[in-house]
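# I need the structure of the sequence given here:
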Amino acid sequence: MSKKNSKHKKANMGHSVQAEAAKTVNYKLWLGISTGLLLLVIAAYGLIKPKAVNAEVVTVYKSPTCGCCKKWVTHLEDQGFRVDARNTNDMGSIKRKNGVASDLQSCHTALVNGYVIEGHVPAADIKRLLSEKPDINGLSIPGMPMGSPGMEGSRNDPYEVLSIYTRGQVSVYNEY
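Just a heads-up that it's a prediction; the model follows:
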C-alpha cells in the first residue's frame, strides 16, 4: 500500500471514528433530553392529575340557586371526591326519604356509599366515615354554621358533626 493510500485510509478512519463519536454524543444527548422530558411530564401529571380518580361518588341534592351548596360541592371536589350535583326544588322529600329529621336539616343532602350526609360536613369526616364504616345512617351538621365548609366568612362559629342513627338518635361524631 502506498503512503498516500495509507494516509487517506487513516484519514477516512479518523473521520469514521469522529462520525461514530458524534453519533454517540447525539444519541446520548437525545436520550438525556427525552428522559428529562419524560420525567417532567410524569412530575407535571402528578401535580395536575385528575383529583377524583378512583374516588367515591357523592350525590348532592341542592337548590339550583344556593351559593353555599356550590361552595360545599367545590370543597368535596378539592378533597378528592367526585360529585354528582343534582338541582331540585323539592329538598323536603329528599330529606324525608333519607331519614333526616327536621332538627338535623340543613340546605343540602348528599348520599355516598349508603350514608346520608346532611349539611356542611367537612370532607375529612366523610372520609373517616367511609373508612370506619360505622353502623349509622349518616352525618349531619344542622343549620348552616359559619366557618363550616361552604360557609367560610368573617367568623368561625363552633359546631358539631352529628352521627345519625337509624332510630333517630344522634351523637357527636366530631367537634369544630
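# okay, stretch 98-118 in CSV with CA atoms only?
What follows is stretch 98-118, C-alpha atoms only, in CSV (Å, rounded to 0.1, in the frame of the first residue of the first chain):
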residue,chain,number,x,y,z
ASN,A,98,-83.3,9.6,53.6
GLY,A,99,-84.4,9.8,57.3
VAL,A,100,-83.2,13.3,58.1
ALA,A,101,-85.3,14.6,60.9
SER,A,102,-86.3,18.3,60.8
ASP,A,103,-84.0,19.3,63.7
LEU,A,104,-81.0,17.8,61.8
GLN,A,105,-81.6,19.5,58.5
SER,A,106,-79.5,22.0,56.5
CYS,A,107,-79.6,23.3,53.0
HIS,A,108,-78.4,20.3,51.0
THR,A,109,-78.4,16.5,51.4
ALA,A,110,-75.8,14.1,50.0
LEU,A,111,-75.6,10.4,49.6
VAL,A,112,-72.4,8.3,49.5
ASN,A,113,-72.0,4.6,49.8
GLY,A,114,-75.3,4.1,51.6
TYR,A,115,-74.8,7.0,54.0
VAL,A,116,-76.7,10.3,54.1
ILE,A,117,-74.6,13.5,54.6
GLU,A,118,-76.7,16.5,55.7
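# buried residues, that stretch. List them.
For stretch 98-118, burial by neighbour count (16 or more other C-beta atoms under 10 Å) applies to 98-100, 104-112, 115-118. Every C-beta, even on glycine, is put in place using the N, C-alpha and C of the backbone.
# and stretch 169-176, by the same measure?
With burial defined by 16+ other C-beta under 10 Å, the residues of stretch 169-176 counted as buried are Val170, Tyr173, Asn174.
# residue ranges of the strands in the protein, please?
Read by DSSP state E, the chain holds these strands, from start to end of the chain: 57-62, 82-87, 109-112, 115-118, 138-140, 160-164, 170-175.
# how about those in TSV, adding mean pLDDT and distance to Val73?
Formatted as TSV, the strands of the chain follow (pLDDT from 0 to 100; distance: least, C-beta to C-beta, whole Å):
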stretch	mean pLDDT	distance to Val73
strand 57-62	96	6
strand 82-87	97	5
strand 109-112	97	9
strand 115-118	97	12
strand 138-140	97	16
strand 160-164	97	18
strand 170-175	96	20
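# any chance of those in a markdown table, plus distance to Ile33?
Below are those laid out as a markdown table (distance: least, C-beta to C-beta, whole Å):
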| stretch | distance to Ile33 |
| --- | --- |
| strand 57-62 | 41 |
| strand 82-87 | 37 |
| strand 109-112 | 46 |
| strand 115-118 | 49 |
| strand 138-140 | 52 |
| strand 160-164 | 52 |
| strand 170-175 | 51 |
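# cool, thanks, talk later.
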